[in-house]
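Participant: Take a look and give me a structure for this.
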Amino acid sequence: MKYKISFILFLVFSLSANAQKSEDFIPFINSQHEWVDSVYKKLSKRERIAQLFMVRAHSNLGQKYIDSVGKVVRKEKLGGIVLFQGGPIRHSILINEYQKYSKVPLLVALDGEWGLGMRMPDSTISYPFQMTLGAIQNENLIYQMGQEIAKDFKRLGLNINFAPVIDINNNPSNPVINFRSFGENKENVTSKAKAYMKGMMDQGILISLKHFPGHGDTDVDSHHDLPRLDFSAERLHELEIHPFKELIKEGASGIMVAHMSIPSLDSTTNLPSSLSRSIVTDILKGELGFKGLTFTDAMDMNGVVKYFQDGEADVRAIIAGNDVLELSQNSKRAIKMVRKAIRGKRLDKHDIETRIKKVLAAKYWLGLENLQTVDTLNLYQDLHRKSAELLNQTLADNAITLLINDQPIKALNPLYRTAIISIGTTEISPFQNEMNKKYSNSVNFILPSTASHEDISKLLEELSNFEQLIVALHDSRPRPASVLNYNESVQNFISTITKESIICSFANPYALANLNGIENAKALLLGYQNDSTLQKAVAKVLLNEIQAKGKLPVTINSFFQYGDGL
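Facilitator: Numbers count the residues shown, from 1 in each chain. So this is what the prediction gives:
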């Protein structure tokens, strides 16, 4: 009978699920540890390789799905899980259950680029998108955000955040990064990411910078196909790789490798960067000296399995030098194929042992040898701390960017008959509610993105009776694109009233480029996203309660360029 590794589970109420080691992460996981050696010896050959795999988990797909993933965790003895949609209580119950099934405590990750709200928007705090953070000039606020997000992760039993995104978004048409990036300037991206990363790591969770060597200048989503980057190696090292290089120096614990074809770095036809030994081992680990955990992007994405099917992508990802594979299509098959590759000398046995022990050492650094169960008592309240909500509003207040102020905002008169128009929504917006508190002589108007020509004609007729027009542009889509989803009639309406209006945009900043004549507005305020905190912050600027301090993190067109902000 194989020896069963046992771990004592403590039911405690604590923001910190585990006590990480005080030593710096990178030297720690590259050193020898008695606990690591002991665990390694007690695992079978197959169970050792399983430590390099993480499986997808949801808590919103029903008990049958939850049980099926639990069966995989129990049978395959995998190294970790990656949580997606669900709720905090359901997630915590799921995590406790899966940890009990596991032979070695699990790494538990989530894509939390703007906190837990990225996967649980209805029940947890969503911090600003990284594009919004790119406008903030006080990076200590971003550091504090990293700390708060880490507290949330630990309270929920998570120990890895697949964030921040450090891709440089210099392609407005990028369908997959875009607003998830801090912007187009490599130094701004690096400094903002450093603050965010340090905040999380100082609170004792692991991070993963993504997506190496840089997914910002693509027009293909690697979830659906294999993007191709035809830039020179010199350009890539000078621009895309720059943030990775600098944050490796700052002790980044993890890096996620993208699925992209990059001929200047590896000329193998249709070979994703995640499967390239030249990119993962020679450049990332060799030239850049990265000694943390190297994660693949999800191994079920078309960008990686389109040309390497039936488990071959998994084997090649290990051969390339990755430490952890995220979301293999079939982990059982992959583990079997990796074992076969070791026997066939495609993989070096000693090299695999080193990587497995790095993963175990990461678990040891996180304090998982003394694993604690997640206490569901007061969980929702703990994830909605007053301090966190106040910080979230402060971040929004500091992001607002004033691009035009030809008729000074201070000249707005709350006693004037004022029309406050929210476009792209179907109900009174938080922005309107905030403005109404002091603009007692105002009238709210709502114009859906699909409004008819007749509706717009009636609205124009009514607006002629007002002394002031304040227009809010909303994009309520979960993934705000570079072009607003307004029909032609609505776009023409905006062009018609722009010269007489104060314009406030709660949309992707790139969307301004497609609004004819927007540069002629009396004033133009950028709120970046359709979040209530950003809407409240813009209202505070218009009400002269705060000043707009943000700077534009991307170039929109010849009128609005990187660094603009009055």
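Participant: Spit out the contact partners of Thr418.
Facilitator: Going by C-beta atoms under 8 Å, 6 or more residues apart in numbering, Thr418 touches Tyr439, Asn441, Ser442, Val443, Phe466, Glu467, Gln468, Leu469, Ile470. Bear in mind the C-beta positions are built from the backbone N, C-alpha and C, glycine included.
Participant: 7 Å instead, please
Facilitator: Contact analysis of Thr418 by C-beta atoms under 7 Å, 6 or more residues apart in numbering lists Tyr439, Asn441, Ser442, Phe466, Glu467, Gln468, Ile470.
Participant: For the buried ones among the residues you listed, write the corresponding PyMOL selection.
Facilitator: Selection command for PyMOL covering only the buried members of the contacts of Thr418, criterion 16 or more other C-beta atoms under 10 Å:
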select buried, resi 439+442+466+468+470
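Participant: a markdown table for the contacts of Thr418, including distance to Asp375?
Facilitator: Below are those laid out as a markdown table (distance: C-beta to C-beta, whole Å):
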| residue | distance to Asp375 |
| --- | --- |
| Tyr439 | 46 |
| Asn441 | 52 |
| Ser442 | 47 |
| Phe466 | 55 |
| Glu467 | 57 |
| Gln468 | 52 |
| Ile470 | 47 |
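Participant: and which of the contacts of Thr418 is nearest Asn140?
Facilitator: Ile470 (32.2 Å; C-beta to C-beta).
Participant: I'd like to know how far the closest one sits from Leu524.
Facilitator: For Ile470, the distance to Leu524 (C-beta to C-beta, to the nearest Å) stands at 12 Å.
Participant: Then Gly214?
Facilitator: 31 Å.
Participant: Between these two, point out the one with more neighbours.
Facilitator: Gly214 (29 against 24; other C-beta atoms under 10 Å).
Participant: how much space between that one and Leu236?
Facilitator: Using C-beta to C-beta, Gly214 is found at 7 Å from Leu236.
Participant: Check Tyr416 too.
Facilitator: 54 Å.
Participant: Looking at those two, which one has more neighbours?
Facilitator: Neighbours were counted for Tyr416 and for Leu236 using other C-beta under 10 Å; Leu236 has more, 19 against 12.
Participant: List the residues that contact that one.
Facilitator: So Leu236 contacts Pro213, Gly214, Ser264, Leu265 (C-beta under 7 Å, 6+ apart).
Participant: And for His223?
Facilitator: Val176, Met301, Asn302, Gly303.
Participant: so how many other residues sit close to the last one?
Facilitator: The one in question is Gly303. 25.
Participant: who's Leu402 bridged to?
Facilitator: Note on Leu402: beta-bridge partners by DSSP bridges are Leu525.
Participant: thought it was touching Phe560?
Facilitator: No - the pair Leu402 and Phe560 does not pass the contact test of C-beta atoms under 7 Å, sitting 11.3 Å apart.
Participant: And these two? Which one has more around it.
Facilitator: Higher neighbour count among Leu402 and Phe560: Phe560, with 22 against 19, using other C-beta under 10 Å.
Participant: just to revisit the earlier point, filter the contacts of His223 down to the buried ones.
Facilitator: The neighbour-count test (16+ other C-beta under 10 Å) applied to the contacts of His223 identifies Val176, Met301, Gly303 as buried.
Participant: contact partners of the helix or strand Lys245 falls within?
Facilitator: Using DSSP states H and E, Lys245 sits within helix 242-249. The contact list for helix 242-249 (C-beta under 7 Å, 6+ apart) reads 166, 186, 189-190, 193-194, 197, 209, 212-213, 255, 288-290.
Participant: Report the mean confidence score over that helix.
Facilitator: Mean pLDDT, helix 242-249: 98.
Participant: Save the contacts of helix 242-249 as JSON lines, and put in neighbour count and pLDDT too.
Facilitator: Shown next, in JSON lines, are those (neighbours: other C-beta atoms under 10 Å; pLDDT from 0 to 100):
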{"residue": "Ile166", "neighbour count": "31", "pLDDT": "98"}
{"residue": "Lys186", "neighbour count": "21", "pLDDT": "98"}
{"residue": "Val189", "neighbour count": "28", "pLDDT": "98"}
{"residue": "Thr190", "neighbour count": "20", "pLDDT": "98"}
{"residue": "Ala193", "neighbour count": "30", "pLDDT": "98"}
{"residue": "Lys194", "neighbour count": "22", "pLDDT": "98"}
{"residue": "Met197", "neighbour count": "26", "pLDDT": "98"}
{"residue": "Leu209", "neighbour count": "25", "pLDDT": "98"}
{"residue": "Phe212", "neighbour count": "29", "pLDDT": "98"}
{"residue": "Pro213", "neighbour count": "26", "pLDDT": "97"}
{"residue": "Ile255", "neighbour count": "27", "pLDDT": "98"}
{"residue": "Leu288", "neighbour count": "18", "pLDDT": "98"}
{"residue": "Gly289", "neighbour count": "10", "pLDDT": "98"}
{"residue": "Phe290", "neighbour count": "22", "pLDDT": "98"}
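Participant: tell me which of those residues is nearest to Gly146?
Facilitator: Ranked by distance to Gly146 (C-beta to C-beta), the contacts of helix 242-249 are led by Met197 at 6.8 Å.
Participant: I'd say that closest one and Ile207 touch.
Facilitator: Yes - counting by C-beta under 7 Å, Ile207 is a contact partner of Met197 at 5.3 Å.
Participant: what do the two both touch?
Facilitator: Ala252.
Participant: so Leu473 sits in a helix?
Facilitator: No - according to DSSP: H, G, I helix; E, B strand; the rest coil, Leu473 belongs to no helix; its state is strand.
Participant: related to what we said a few turns ago, between the contacts of Leu236, which is closest to Val554?
Facilitator: Among the contacts of Leu236, and counting by C-beta to C-beta, the member closest to Val554 is Gly214, at 15.6 Å.
Participant: In space, what's closest to that closest one - neighbours in sequence excluded?
Facilitator: Spatial nearest neighbour of Gly214, chain neighbours left out: Glu240 (2.7 Å); criterion: C-beta to C-beta, 6 or more residues apart in numbering.
Participant: need the contact list for the one you found.
Facilitator: Ile168, Pro213, Gly214, Gly216.
Participant: number of nearby residues for the last one?
Facilitator: By other C-beta under 10 Å, 26 other residues sit near Gly216.
Participant: and the gap between the residue lying closest to it once chain neighbours are set aside and Gly117?
Facilitator: Using C-beta to C-beta, 6+ apart and skipping the chain neighbours, the partner closest in space to Gly216 is Asp167 (3.8 Å). Distance of Asp167 to Gly117, computed by C-beta to C-beta: 20 Å.
Participant: more crowded one of these two?
Facilitator: Counted by other C-beta under 10 Å, Asp167 and Gly117 do not tie: Asp167 has more neighbours, with 31 against 20.
Participant: Show me which of the contacts of helix 242-249 is closest to Leu366.
Facilitator: Proximity of the contacts of helix 242-249 to Leu366 (C-beta to C-beta) peaks at Met197, which lies at 16.4 Å.
Participant: ok, that closest one - contacts?
Facilitator: By C-beta under 7 Å, 6+ apart, the neighbours of Met197 are Gly146, Pro164, Ile207, Leu247, Ala252.
Participant: For it, what are phi and psi?
Facilitator: phi -60, psi -50 (degrees, to the nearest 10).
Participant: From Gln51, how far out is it?
Facilitator: 24 Å.
Participant: And for Ile409, the neighbour number?
Facilitator: Residues near Ile409, counting by other C-beta under 10 Å: 18.
Participant: can you pull the contacts of it?
Facilitator: Ile409 sits next to Ala523, Val541, Leu542 when contact means C-beta under 7 Å, 6+ apart.
Participant: For Ser440, see how far away it is.
Facilitator: 19 Å.
Participant: again, but for Asn508
Facilitator: From Asn508 across to Ser440, the span is 33 Å (C-beta to C-beta).
Participant: The two: which has the busier surroundings?
Facilitator: Asn508 (26 against 9).
Participant: Contact partners for the closest residue to that one other than its chain neighbours?
Facilitator: Closest residue to Asn508 apart from its sequence neighbours, by C-beta to C-beta, 6+ apart: Pro480 at 4.2 Å. Going by C-beta under 7 Å, 6+ apart, Pro480 touches Phe179, Ala507, Asn508, Gln529.
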